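1. here are the coordinates; sequence isn't available:
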């Protein structure tokens with residue numbers, strides 16, 4: 001019981017730290033504000049996290065765990081269940097059925113990561129820490145390589161046009177997700193920002209998808225497995 005209570009306290013502190021870093025950045029984050037936001041004394045905070053860097057490490061570890069769970073959900077075909085962004089979330093579940101398997105999974109993964117970024121201060125804090133502390137591992141390392149693998153497979157399967165370089169499409173995906181974060185930093189609402197990202201992503205994939213087998217002149221259609 002005591003251990004569970006201590007773990008809940010630590011988790012609350014990590015979430016409060018993430019919200020503070022998301023708002024103010026690493027250098028602007030105040031341990032005093034973090035402790036006040038969870039109703040704890042500074043002594044209680046430093047008991048669990050003796051330094052700001054230890055707290056930052058916990059934020060980054062939790063972000064990595066969240067991203068890993070999102071990737072696993074897409075791999076298990078559960079991306080639609082994970083969505084909580086209204087129409088933008090529904091687009092993930094609805095769009096994949098009309099795309100070739102690897103391309104649809106790449107789309108689902110990009111949108112799942114985008115939803116996570118939009119709704120989780122922990123993930124946004126990790127992204128900001130990556131900007132402000134370049135020595136930290138780039139947060140995209142936990143999901144972008146899988147997007148690249150799926151796009152390479154889609155290209156090999158003939159589902160991406162021959163001239164569509166998977167590396168370039170991967171860079172476009174990374175730029176879209178980064179742009180989502182920038183829009184939200186500028187004050188855009190999560191729902192609107194996600195909706196725009198979904199529309200842009202589908203325009204890109206539609207234009208780069210190979211025509212369907214069997215002569216149908218439309219890029220996004222069902223492919224036989």
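-> Received it, and whenever you're ready, just let me know what you need. Keep in mind that this is a model prediction, so the values were computed, not measured.
2. need the longest helix for the protein.
-> Longest helix of the chain, by residue count under DSSP state H: helix 2-28.
3. Helix or strand next in line after that helix, which one?
-> Using DSSP states H and E, the next helix or strand after helix 2-28 towards the C-terminus is helix 31-37.
4. in that next one, what counts as buried?
-> Of all the residues in helix 31-37, those buried under the rule 16 or more other C-beta atoms under 10 Å are 31, 34, 35, 37. Using the backbone N, CA and C atoms, a C-beta is placed for each residue, glycine as well.
5. Just name the closest of these to residue 21, please.
-> residue 34 (9.2 Å; C-beta to C-beta).
6. buried stuff in stretch 51-67?
-> Within stretch 51-67, the residues scored as buried using 16+ other C-beta under 10 Å are 52, 55, 56, 58, 59, 60, 62, 63, 64, 66, 67.
7. The last one: what's it in contact with?
-> Okay, so that is residue 67. Applying C-beta atoms under 8 Å, 6 or more residues apart in numbering to residue 67 gives the contacts 113, 116, 123, 139, 142, 143.
8. quick one: low-confidence ranges for the protein?
-> Applying pLDDT under 70 to the chain flags residues 1-2, 78-100, 135, 212-225.
9. Of all residues in it, which one is nearest the centre?
-> By C-alpha atoms, centre = their mean, the chain has its centre lying nearest to residue 113, at 2.4 Å.
10. ok, that residue - contacts?
-> Counting by C-beta under 8 Å, 6+ apart, residue 113 has contacts 67, 70, 71, 143, 177.
11. Which of the residues you listed fall within helices?
-> Reading helices off these with DSSP H, I get 67, 70, 71, 177.
12. Next SSE downstream of the helix or strand where residue 181 lies?
-> Taking DSSP H and E as the criterion, residue 181 maps to helix 166-185. Elements were assigned by DSSP H and E; along the chain past helix 166-185, the next helix or strand is helix 190-208.
13. Quick one: distance of that following helix to the chain centre.
-> On the basis of C-alpha atoms, centre = their mean, to the nearest Å, helix 190-208 is displaced by 15 Å from the centre of the chain it belongs to.
14. quick check: angle from it to helix 166-185?
-> Calculated by axes from the mean of the first three to the mean of the last three C-alpha atoms, to 10 degrees, helix 190-208 forms an angle of 160 degrees with helix 166-185.
15. Would you mark the buried spots in helix 190-208?
-> 190, 193, 194, 195, 196, 197, 198, 201, 202, 204, 205, 208.
16. Throw these into CSV and include distance to residue 109, thanks.
-> Shown next, in CSV, are these (distance: C-beta to C-beta, whole Å):
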residue, distance to residue 109
190, 19
193, 18
194, 15
195, 18
196, 18
197, 13
198, 13
201, 11
202, 14
204, 15
205, 12
208, 16
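17. which one among these gets closest to residue 9?
-> When the buried residues of helix 190-208 are ranked by distance to residue 9 (C-beta to C-beta), residue 190 comes first, at 28.2 Å.
18. give the contact list for the residue lying closest to residue 117 once chain neighbours are set aside.
-> Nearest residue to residue 117, sequence neighbours excluded (C-beta to C-beta, 6 or more residues apart in numbering): residue 123, at 5.2 Å. Residues in contact with residue 123, defined by C-beta under 8 Å, 6+ apart, are 63, 66, 67, 116, 117, 139.
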